[in-house]
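Engineer: here are the coordinates; sequence isn't available:
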DNA sequence: AAGGGAGCCTGGCGGC
DNA sequence: TGCCGCCAGGCTCCCT
């Protein structure tokens, strides 16, 4: 499910119920997700206040008053839902009965909201997600963050920087953009979409974009803009809802209705003036969808 | 050194 | 209807 827009959508959905609130207790349904929970995970969180709920790439970061940081990753199939009603649920959200446990509910945060209890529940069928707890000041030293690349929506991303990062790379641009050490937060869907928007073939060698036509950055500026546009539009639409991905209030994201390339094998290219057909190929084990006619 | 493939898990879907 | 194989949004490790 979750690439950057989905994680950002989840963050915004959780913010009212978590930021500034005290976690009264944590219930674990099992000792591990993808990795074991750290020692005394529940005990170290219980009683602390969440100062800030932030995001880095596809990670959620709950900075606690205790000085520790709750690191959460949704993997492929992780999702949160909010139970209980403190009065600020999104319109149309539905409520669960108390103790309405569902299959694969692995972590339950019991949160105090002005005297009433809210439960933030993490559900993850495939268990590729994980949680960890480290001192806030050591987050950037965490193995998952130490070599992490730039935020695609941050000011650091520019055609100039991307040129430096991709220079000399023989790997296909598709794989380079999926590499979290280059840009952190892009996944298979939005790389496909951004490359389509920028008219760049996923098969093109990354380094060849740096000086295309002998003109530095001539193809990277549109790519940078495409990455930003695709992510921002997806966030505005509440993310994509492949399979059962939902926002924290149970509603579905809508961006999948705007896919131009992803999962559209055999369909007509939507670009004005292009009569091509979307094709599916496999690159480093992942599906790439693109239009061979207008993406070069 | 960098790129490709396997592996971690479960559920959903298409095909027979 | 039922079973089987294939596929899936992420990420790391191992091998070439």
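Structural biologist: Looks like it arrived, so ask away. Small disclaimer: the values here were computed from a predicted structure and weren't measured.

Engineer: wait, is residue A:12 part of a helix?
Structural biologist: Yes. Per DSSP: H, G, I helix; E, B strand; the rest coil, residue A:12 lies within a helix segment.

Engineer: quick one: buried residues of stretch A:3-13?
Structural biologist: By neighbour count on 16 or more other Cβ atoms under 10 Å, the buried set for stretch A:3-13 is A:3, A:4, A:5, A:6, A:7, A:8, A:9, A:10, A:11, A:13. To be clear about C-beta, it is placed using only N, CA and C from the backbone, and glycine gets the same treatment.

Engineer: chain center to that stretch: distance?
Structural biologist: On the basis of Cα atoms, centre = their mean, to the nearest Å, stretch A:3-13 sits 6 Å off its chain's mean C-alpha point.

Engineer: Does it reach DNA strand C?
Structural biologist: Yes. Stretch A:3-13 lies within reach of DNA strand C by Cβ under 7 Å from any atom of the strand, at A:3, A:6.

Engineer: that older thread, can you tell me which of the buried residues of stretch A:3-13 is nearest DNA strand B?
Structural biologist: residue A:3 (16.0 Å; Cβ to the nearest atom of the strand).

Engineer: pretty sure the closest one contacts residue A:58?
Structural biologist: Yes. With contacts counted by Cβ atoms under 8 Å, residue A:3 reaches residue A:58, the gap being 6.5 Å.

Engineer: just curious, which of the buried residues of stretch A:3-13 is nearest to residue A:30?
Structural biologist: The closest of the buried residues of stretch A:3-13 to residue A:30 turns out to be residue A:10 (Cβ to Cβ; 21.2 Å).

Engineer: what residues are up against the closest one?
Structural biologist: Residues near residue A:10 by Cβ atoms under 8 Å, 6 or more residues apart in numbering: A:2, A:60, A:74, A:79, A:80, A:239, A:247, A:248.

Engineer: With residue A:145 instead?
Structural biologist: A:56, A:59, A:139.

Engineer: Let's see if you can find the most crowded of those.
Structural biologist: residue A:59 (23 neighbours; other Cβ atoms under 10 Å).

Engineer: roughly how far apart are that residue and DNA strand B?
Structural biologist: 17 Å (Cβ to the nearest atom of the strand, to the nearest Å).

Engineer: List the residues that contact residue A:84.
Structural biologist: A:95, A:113, A:116, A:117, A:118, A:119.

Engineer: Please list only the buried members of these.
Structural biologist: Buried, going by 16+ other Cβ under 10 Å: A:113, A:118, A:119, out of the contacts of residue A:84.

Engineer: Could you tell me which of those belong to strands?
Structural biologist: Per DSSP state E, strands hold the following members of these: A:113, A:118, A:119.

Engineer: Hmm, which of those residues is lowest in pLDDT?
Structural biologist: Ranked by pLDDT, those bottom out at residue A:113 (88).

Engineer: how close does that residue get to residue A:192?
Structural biologist: 40 Å (Cβ to Cβ, to the nearest Å).

Engineer: what does residue A:221 give?
Structural biologist: For residue A:221, the distance to residue A:192 - Cβ to Cβ - is 20 Å.
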